[in-house]
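A.B. asks: below is the structure, and that's it, no one-letter string:
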């Protein structure tokens with residue numbers, strides 16, 4: 001299971017959420033499951049988390065690397081949105097046991 005956790009600039013969490021929502025088709029085509037988008041309720045404000053499951057870490061890494069090689073206009077727009085509205089971010093990878 002993968003989580004991408006972003007701290008948005010103050011008041012910019014909706015832009016990060018919208019960016020993650022644009023990935024719905026890509027995630028479905030890749031076979032990712034149990035996709036969820038969360039926003040903070042307690043803790044650091046303007047935190048957005050996108051979480052999903054996949055069968056193969058290699059599959060995920062191959063797809064992600066492909067996004068950054070000659071990105072099309074939509075992909076570049078997504079990258080720009082995340083880069084210009086987030087102050088920081090990180091990934092968390094977990095093995096799903098049950």
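C.D. replies: Yes, it's here. Just so it is clear, the structure is predicted and the values come from calculations on it, not from any experiment.
A.B. asks: C-alpha from now on. contacts and neighbour counts both.
C.D. replies: OK.
A.B. asks: what's the closest non-adjacent residue to residue 32?
C.D. replies: residue 54 (4.9 Å; CA to CA, 6 or more residues apart in numbering).
A.B. asks: what count of nearby residues applies to the residue nearest to residue 55 when sequence neighbours are not counted?
C.D. replies: In this structure, residue 55 finds its nearest non-sequential neighbour in residue 32, 7.8 Å apart by CA to CA, 6+ apart. For residue 32, the neighbour count with other CA atoms under 10 Å is 18.
A.B. asks: same question, residue 16
C.D. replies: Close neighbours of residue 16, defined as other CA under 10 Å, add up to 26.
A.B. asks: and for residue 95?
C.D. replies: 8.
A.B. asks: kindly report the same for residue 27.
C.D. replies: Applying other CA under 10 Å, we find 15 residues neighbouring residue 27.
A.B. asks: secondary structure element for it?
C.D. replies: In the assignment (DSSP states H and E), residue 27 maps to helix 24-30.
A.B. asks: which element follows the helix or strand of the chain with the lowest mean pLDDT toward the C-terminus?
C.D. replies: Least confident element among the helices and strands of the chain, by mean pLDDT, DSSP states H and E: helix 24-30 (a mean of 84). With elements assigned by DSSP H and E, the helix or strand that comes after helix 24-30 is strand 33-39.
A.B. asks: so which bits of that following strand are buried?
C.D. replies: By 16 or more other CA atoms under 10 Å, the buried positions in strand 33-39 come out as 35, 39.
A.B. asks: what mean pLDDT does the next helix or strand after it get?
C.D. replies: Using DSSP H and E, the helix or strand that follows strand 33-39 in sequence is strand 47-53. What strand 47-53 shows for mean pLDDT is 96.
A.B. asks: list of residues touching strand 47-53?
C.D. replies: If you take CA atoms under 8 Å, 6 or more residues apart in numbering as the criterion, strand 47-53 is touched by 1-8, 13, 16-17, 20, 32-40.
A.B. asks: residue 85 reaches residue 18, doesn't it?
C.D. replies: No - counting by CA atoms under 8 Å, residue 85 stays clear of residue 18, with 11.3 Å between them.
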